[in-house]
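Participant: Got a predicted structure here, sequence first:
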Amino acid sequence: MFFRGKRGKPEDRRRTARVEGPALAAFYWTGGVSTPCRVCNVCRHGAYIETDQEWYAGTVLHVVLEPHAEANKIFGLWARVVHTGAHGMGMEFKLMGRDEELAFNLFLDMALRGNGAP
């Protein structure tokens, strides 16, 4: 999400840096059969998902993340659309409690290690 700073330049309001191009696919329900969407970048607080679907900022979706290398390991969580772009949408994850946060952190660490990320 961006806002205009004192000099009129957009400032990045992300809480942590995102990892570019992880080997993750995202699925969400649109009323039909879910198809995988490419996760362009991800961090513990959100992701940018490439999609041709147009969602309004503020829309809450249940997203299932799946590493390409570990198709049997998935993680589902709620996410809120914070902005849309020409090729997709930026989402903020809405983790429900400390247990879900710890489980997601373990999942993301596993997924990123499988992608060769540090």
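Facilitator: Structure's in. What do you need? Residues are numbered from 1 along each chain as shown.
Participant: CA only for contacts and neighbour counts going forward, please
Facilitator: Will do.
Participant: Now do the same contact list for the most centrally placed residue in the chain.
Facilitator: Centroid check for the chain by C-alpha atoms, centre = their mean gives residue 47 as the closest residue, at 2.6 Å. By C-alpha atoms under 8 Å, 6 or more residues apart in numbering, the contact list for residue 47 reads 18, 39, 40, 41, 90, 91, 92, 93.
Participant: State whether it is indeed within a helix.
Facilitator: No. Looking at residue 47 with DSSP: H, G, I helix; E, B strand; the rest coil, it is strand, so not inside a helix.
Participant: Can we start the residue count at 752 from this point?
Facilitator: New numbering, starting at 752: the last item is residue 798.
Participant: partners of it in the sheet?
Facilitator: Judged by DSSP bridges, the bridge partners of residue 798 are residue 793, residue 842.
Participant: Please report how far it lies from residue 783.
Facilitator: In this view, residue 798 and residue 783 are 23 Å apart by C-alpha to C-alpha, to the nearest Å.
Participant: mind checking which helix or strand of the protein has the lowest mean pLDDT?
Facilitator: In the chain, no helix or strand scores lower on mean pLDDT, DSSP states H and E than strand 753-755, which sits at a mean of 40.
Participant: If you count contacts, what does the biggest strand by length in the chain end up packed against?
Facilitator: Using DSSP state E to define each element, the chain has its longest strand at strand 826-835. Here strand 826-835 touches strand 811-818, strand 839-845, going by 3 or more C-alpha pairs under 8 Å, 6 or more residues apart in numbering; DSSP states H and E.
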